[in-house]
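Enquirer: the following comprises the amino acid sequence and a computationally predicted model.
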Amino acid sequence: MEEKDLKHIVSQFEIEGEVSEVKPLGNGLINTTYKVSTVGSAPDYVLQNVNNAIFPDVKMLMDNIVAVTGHIRKKYEAAGETDIDRKVLNFVKAKDGKYFYLHEGKYWRIMVFIPDTVSQTAVTPESSRIVGETFGNFQAMLADIPVQLGETIKDFHNMEFRLQQLREAVAENKAGRLAEVQWLVDELEKRADEMCKGERLHREGKLAKRICHCDTKVDNILFDKDGKVLCVIDLDTVMPNFIFSDFGDFLRSAANTGAEDDKNLDNVNFNMDIFRAFTEGYLKSARCFLTPLEIENLPYAATLFPYMQTVRFLADYINGDTYYKTQYADHNLVRSKAQFKLLQSAEAKMPEMTAFIAEQLA
C-alpha cells in the first residue's frame, strides 16, 4: 500500500502531532504492521492491518483488548506503579469513536509506539522463568476482570473440537492415507478421554475458564533496554480459556529438544530444565489465584498440547494437507510423528513434574 493511503488511514484516528512518515515495521505472520513517525515531541504510533480472515469479529477483538489493557492500567494506578504508559499498550480511538477503522474492506487500528524497547527470542531456562512469571502475572491481574470477553478464535484450544476434526478426517479419508497412519490414530484414541478432561471438568462446574493470552512465548513480551519486562504484547488471542492454554502451549514449543518437524525422533524429548524454570516462574506469580485442581493438572497441560498438535497435524495429513503449509509430501506426517514423540516423552516425565510442583508449593 502506498504511503499516501497509509497516511489517509492514520488521519482517521485521534492521534497527536503531524505525521512525517509511515514505514513497515517488523515481519508479523498475521497482521501487517507499520511505524507512524510524527514531527516534534508528539508520540510515534504503530499502525496495524488486522487480519480479519483469522479474527473475523474485529469489534469483539478490540473490545477484548481495550477491556484487558484498561483493567491492567487501573491495577497499576491503584498500586502506584510508575511509567505506566510503557507497561500497558495504549490504543487510539478513530474519529468515529471506535478502536478500529474500516478502509476498502480492511480493518486498521493504531496504538502508541513504546520507544527504547527490545524483544527476545532465545529459549533458555532463564528466559523461560521470565516468561512463566510474566504470563502468570498477566493472568493474575485479569483474574477479577469485571467484563465477559469474547472468543476471538472459536474453539482454538478446545480438545473435543480438535478430536472431532480428526474423527471426521478419518471417516472421510479424502486422500486415501488412513491405512498408513491407523496406528497413530489408535494411539490418539487411547488417550482421548483423558485428554478431554478439561472440557469435562468445566461442564461439571469444577474448572473455570479464565482470561488467557493463548500465545505464550518469549517474543510476546516487551523488554526495556536493561532487560526488564515492560508488558505483554500481541493481545489478539487474549480470551477465556483454561489456564492450561498458557502453561501447556509454551512448553510444547520451548521444552522440545528437537524441531517441531524433526525427522530424527531421537532429537525430540521433553526438556525438564525448561519445565522447571518456567513452572517456578509461573507459580511464583499465578499461585495466588490458581485452584488446587488447576495446579494438580499442570502436568496434564504439559502433555495436552503435544497431543493436540499431533491431532491437528494428523487430521490435516489425512485430509490431504489442506490447512498447514507444507514443504514436501509427508511434511504433516513428519510433524505428527515428532509431536507424538514429544507427547510420549512428556508423559514419561509426569511423575517428575508432579514432584517438582509439590516442592514449589511446600
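Expert: Everything's here; your move.
Enquirer: helix, strand, or coil at the closest residue to Asp155 other than its chain neighbours?
Expert: Distance criterion CB to CB, 6 or more residues apart in numbering; nearest residue to Asp155, sequence neighbours excluded, is Phe161 at 4.0 Å. Heads up, the C-betas are built off the backbone N, CA and C, glycines and all. Following DSSP: H, G, I helix; E, B strand; the rest coil, Phe161 is assigned to helix.
Enquirer: then Arg167?
Expert: Assignment for Arg167 (three-state DSSP): helix.
Enquirer: how many neighbours does it have?
Expert: When counting by other CB atoms under 10 Å, one arrives at 16 neighbours for Arg167.
Enquirer: quick check: it vs Glu160, distance?
Expert: 10 Å (CB to CB, to the nearest Å).
Enquirer: which secondary structure element contains Leu230?
Expert: strand 229-232 (DSSP states H and E).
Enquirer: need the contact list for Leu222.
Expert: Ile114, Thr117, Val118, Ser119, Val229, Leu230, Cys231, Val232, Ile233 (CB atoms under 8 Å, 6 or more residues apart in numbering).
Enquirer: can you give me the buried ones in whatever helix or strand it lives in?
Expert: If you go by DSSP H and E, Leu222 is part of strand 221-224. Along strand 221-224, these residues count as buried under the neighbour rule (16 or more other CB atoms under 10 Å): Ile221, Leu222, Phe223.
Enquirer: dump the residues you listed into TSV; add pLDDT and distance to Cys212 as well.
Expert: Shown next, in TSV, are the buried residues of strand 221-224 (pLDDT from 0 to 100; distance: CB to CB, whole Å):
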residue	pLDDT	distance to Cys212
Ile221	96	15
Leu222	96	19
Phe223	96	21
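Enquirer: not counting stretch 338-354 itself, show me its contacts.
Expert: 184, 187, 251-252, 255-256, 258-263, 265, 268-270, 272, 275, 279, 298-300, 302-303, 306-307, 309-310, 313.
Enquirer: Asp226 in helix, strand or coil?
Expert: coil.
Enquirer: phi, psi of it?
Expert: With angles defined as degrees, to the nearest 10, Asp226 sits at phi -90, psi 0.
Enquirer: what separation do you get for it and Asn137?
Expert: Per CB to CB, Asp226 is found 19 Å from Asn137.
Enquirer: and Arg109, by the same measure?
Expert: For Arg109 relative to Asn137 (CB to CB), the value is 25 Å.
Enquirer: neighbour count winner among those two?
Expert: Arg109 (23 against 19).
Enquirer: in three-state terms, label the residue lying closest to Phe242 once chain neighbours are set aside for me.
Expert: Using CB to CB, 6+ apart and skipping the chain neighbours, the partner closest in space to Phe242 is Gly198 (4.9 Å). Look at Gly198: counting by three-state DSSP, its state is helix.
Enquirer: buried sites along the helix or strand Met111 falls within?
Expert: Using DSSP H and E, the element containing Met111 is strand 106-112. Residues of strand 106-112 classed as buried by neighbour count (16+ other CB under 10 Å): Tyr107, Trp108, Arg109, Ile110, Met111, Val112.
Enquirer: now, the most widely separated pair of the residues you listed?
Expert: Maximum pairwise distance in the buried residues of strand 106-112, criterion CB to CB, is 18.8 Å, between Tyr107 and Val112.
Enquirer: neighbours of the residue lying closest to Arg312 once chain neighbours are set aside, how many?
Expert: Of all residues not flanking Arg312 in the chain, Arg162 sits nearest, at 5.9 Å (CB to CB, 6+ apart). Using other CB under 10 Å, Arg162 is surrounded by 21 other residues.
Enquirer: circling back: can you tell me which of the buried residues of strand 221-224 lies closest to Thr38?
Expert: Leu222 (20.4 Å).
Enquirer: who's in contact with stretch 39-52?
Expert: Contacts for stretch 39-52 (CB under 8 Å, 6+ apart): 6, 9-10, 13, 15-20, 22, 25, 30-38, 58, 61, 92, 100, 106-113, 115, 236.
Enquirer: mind checking which of those residues are in strands?
Expert: 19-20, 22, 32-38, 92, 106-112 (DSSP state E).
Enquirer: excluding chain neighbours, what is closest to the residue sitting nearest the centre point of the chain?
Expert: The central residue of the chain, meaning the one whose C-alpha is nearest the mean C-alpha position (CA atoms, centre = their mean), is Asp215 at 0.8 Å. Using CB to CB, 6+ apart and skipping residues adjacent in sequence, the residue nearest Asp215 is Thr237, 4.7 Å away.
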